[in-house]
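A.B. asks: The sequence and its predicted three-dimensional model are supplied below.
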Amino acid sequence: MAAYATVLGGAVPLLLFFAGLFFLVRLRGFYLLHPIRTLRYALGRGKTRASLSSLAVALGGTLGVGNITGVTSALLVGGPGALFWMWCSAVLSMGLHYAEVVLALATASPPGLPRYLSGRVTGKVFPLFLLLLSLTLGGGIQSAAAAEAAKIAVSCPAVLSGALLALPVACVTAGGFARIRAVSGRVIPIVTLLFALSCVGVIVAFRARLPDVLRTVFREAFSPRAAVGGGIGETVRRASVGFRRGLLSNEGGCGTASVAHATAEVDDPARQGVFGIVEVATDTLLLCTLTGLAVLCAGYSGDGVAPLLSAFSSVYGRGAGVLLSLSVFLFAFATAISYCFYGRSALVALTGGAGDAFPFLLALFLFLGAFLPRGTLFFLSDLFLGGLAVLNLAALLKRADGVCRLSAPLIGKTGKKVTPRDGRPIRRPGSQKEAARRRP
């Protein structure tokens with residue numbers, strides 16, 4: 001365990017940092033320099049509804065307890081300055097998310113996984129890690145967080161919390177991807193809006209402290225304590241809790257986004273890749289920032305959901321417990337059904353079938369997660385996420401030239417007007433010969 005903590009806390013974050021920086025440079029930072037033009041390109045002609053449906057599934061996988069416990073852990077370890085480094089890590093994660101979504105759409109998708117992840121070794125190891133991650137992060141950790149919030153807020157027993165989460169997830173996921181996508185498209189906007197408005201209410205109530213909080217964030221950003229908590233210091237420091245919890249939040253460079261976005265029926269991979277950027281921005285730049293500012297403005301500290309519960313209670317009174325418990329439950333539900341799709345895809349890639357059995361296996365882990373030790377679940381999730389990141393980043397870096405070719409309309413000359421038609425349309429292959437020809 002100690003040996004892997006060294007790898008996860010050093011080598012993997014270092015790889016993520018330089019890979020994100022590499023794609024930021026290769027893509028000329030178009031999403032930072034020209035955000036309006038980039039969004040206009042994504043929302044141009046085409047099947048925007050299909051793109052948004054896939055985005056909802058991907059967001060369901062990233063919007064979870066990491067937006068709460070990941071932020072509070074980073075603040076506890078690294079102080080207010082950790083929030084600044086979370087913003088920096090999000091900027092690097094955007095390029096990685098964009099690249100993996102583009103490759104997923106540009107290559108043929110065999111049953112289970114995008115083709116760029118279906119190599120001789122990667123095609124077996126990646127789905128195995130993804131399958132196990134779907135049970136730990138998508139099942140156990142979500143249930144543990146929901147049970148903790150329910151116990152603190154409304155004194156709900158763990159057995160009841162596990163059952164209340166497992167049953168609806170099993171009912172939804174048993175209907176296949178069509179039902180998962182439909183439910184995600186409805187639940188994700190609701191839970192995001194509910195949680196965001198709740199945090200905004202706390203920030204507004206303590207708005208007099210906001211200027212001092214922001215000054216503290218930037219002042220402490222470069223202190224050693226902040227570097228350890230926020231994640232950038234992980235390039236030179238050992239085993240940071242803050243970085244690992246941030247990875248649980250946005251999963252930057254881990255390849256999970258490619259599995260969800262690959263289902264979008266669109267002709268332009270670069271267009272769908274922009275929605276991958278939106279995913280990271282929503283998860284980290286919006287929700288994690290709101291969580292951090294709400295806790296800092298209210299002046300509470302600690303780990304888990306307790307600091308945010310205290311912040312909510314100071315504003316909303318007795319209803320704070322119910323409000324936070326509902327938010328965490330919806331987050332856990334959305335993450336669980338998205339990870340059910342990931343787990344089914346991984347199981348299909350490993351066995352060639354038997355995907356229908358995964359929803360029931362996930363429901364079992366959701367029930368047991370309310371009782372399992374949180375430390376063990378977090379360690380296993382960190383382990384599987386680290387393995388996924390290494391495999392996915394190796395595949396992305398190998399195909400970086402292909403990503404840039406497919407992104408030509410977006411990384412062209414400054415000020416050039418672009419639409420999805422400016423790029424060469426990419427259609428889904430109808431044969432193995434055409435799939436091989438289209439591989440970047």
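C.D. replies: Great, that's in hand.
A.B. asks: hey, which helix is longest across the protein?
C.D. replies: Counting by DSSP state H, the longest helix found in the chain is helix 319-351.
A.B. asks: can you pull the buried residues of it?
C.D. replies: 320-321, 323-350 (16 or more other Cβ atoms under 10 Å). Where C-beta positions appear, they are placed from N, C-alpha and C, glycine not excepted.
A.B. asks: what does stretch 363-372 give?
C.D. replies: 363, 365-370, 372.
A.B. asks: hmm, who's touching it?
C.D. replies: 135-136, 139-144, 146-147, 158-159, 161-163, 165-167, 169-170, 173, 336, 377 (Cβ atoms under 8 Å, 6 or more residues apart in numbering).
A.B. asks: repeat for stretch 205-214
C.D. replies: By Cβ under 8 Å, 6+ apart, stretch 205-214 touches 80, 203, 293, 296-299, 314-315.
A.B. asks: now for the longest helix of the chain, which elements pack on it?
C.D. replies: helix 48-62, helix 122-135, helix 142-154, helix 158-173, helix 176-205, helix 256-261, helix 306-316, helix 358-368 (3 or more Cβ pairs under 8 Å, 6 or more residues apart in numbering; DSSP states H and E).
A.B. asks: deepest of those, which one?
C.D. replies: Each of the helices and strands packed on helix 319-351 was scored by mean neighbour count; the highest is helix 256-261, a mean of 29, by mean count of other Cβ atoms under 10 Å.
A.B. asks: what is the rounded mean pLDDT of stretch 184-194?
C.D. replies: Stretch 184-194 carries an average pLDDT of 80.
A.B. asks: so how far is it off the chain centroid?
C.D. replies: 15 Å (Cα atoms, centre = their mean, to the nearest Å).
A.B. asks: Just to check, Glu100 is in contact with Leu396?
C.D. replies: Yes: contact criterion Cβ atoms under 8 Å: Glu100 and Leu396 qualify, at 6.0 Å.
A.B. asks: Between those two, which contacts overlap?
C.D. replies: Gly253.
A.B. asks: quick one, which of the two is more surrounded?
C.D. replies: Glu100 (32 against 25; other Cβ atoms under 10 Å).
A.B. asks: Check which helix or strand the more buried one maps to.
C.D. replies: Assigned by DSSP states H and E, Glu100 belongs to helix 82-106.
A.B. asks: could you give the mean pLDDT of that helix?
C.D. replies: Per-residue scores along helix 82-106 average to 86.
A.B. asks: which parts of it are buried?
C.D. replies: 82-87, 89-106.
A.B. asks: just for the stretch 1-150 of the chain, where's the confidence low?
C.D. replies: In the predicted model, the stretch 1-150 of the chain carries pLDDT under 70 at residues 1-10, 45-62, 64, 108-112.
A.B. asks: switch to 80 and redo it
C.D. replies: Residue ranges of the stretch 1-150 of the chain with pLDDT under 80: 1-14, 42-67, 69-70, 73-74, 77-78, 85, 107-113, 118-119.
A.B. asks: Return the distance of the nearest residue to Arg374 once chain neighbours are set aside relative to Leu137.
C.D. replies: Distance criterion Cβ to Cβ, 6 or more residues apart in numbering; nearest residue to Arg374, sequence neighbours excluded, is Ala144 at 5.1 Å. Counting by Cβ to Cβ, to the nearest Å, the gap from Ala144 to Leu137 is 11 Å.
A.B. asks: Now for the two: what residues contact both?
C.D. replies: Leu377.
A.B. asks: Just list the residues touching Thr38, thanks.
C.D. replies: Thr38 neighbours (Cβ under 8 Å, 6+ apart): 30-31, 274, 277, 410.
A.B. asks: distance between the ends of stretch 252-267?
C.D. replies: With Cα to Cα, to the nearest Å as the measure, the ends of stretch 252-267 fall 24 Å from one another.
A.B. asks: chain center to that stretch: distance?
C.D. replies: Counting by Cα atoms, centre = their mean, stretch 252-267 comes out at 12 Å from the chain centroid.
A.B. asks: Go through the contacts of stretch 205-214 and name the one nearest Pro269.
C.D. replies: Distance to Pro269 across those (Cβ to Cβ) is lowest for Leu293, with 35.0 Å.
A.B. asks: For the closest one, which non-adjacent residue is spatially closest?
C.D. replies: Leu293's closest residue in space is Ile203 (Cβ to Cβ, 6+ apart), at 5.3 Å.
A.B. asks: Who wins on neighbours among the contacts of Thr38?
C.D. replies: Within the contacts of Thr38, Val274 tops the neighbour count with 28 neighbours, counted by other Cβ under 10 Å.
A.B. asks: and the angle for whichever strand or helix holds it with helix 82-106?
C.D. replies: Val274 belongs to helix 269-280 when assigned by DSSP H and E. Interaxial angle, helix 269-280 versus helix 82-106 (axes from the mean of the first three to the mean of the last three Cα atoms, to 10 degrees): 150 degrees.
A.B. asks: residues of helix 269-280 that come out buried?
C.D. replies: Result for helix 269-280 [16+ other Cβ under 10 Å]: buried residues 269-280.
A.B. asks: pLDDT of stretch 385-399, averaged?
C.D. replies: Here the average pLDDT along stretch 385-399 is 89.
A.B. asks: who's in contact with that stretch?
C.D. replies: Stretch 385-399 is contacted from outside by 4, 7-8, 12, 15-16, 19, 22-23, 96, 99-100, 103, 116-117, 119, 122, 125-126, 129-130, 133, 137, 247-248, 251, 253-256, 258, 403, 440, using Cβ under 8 Å, 6+ apart.
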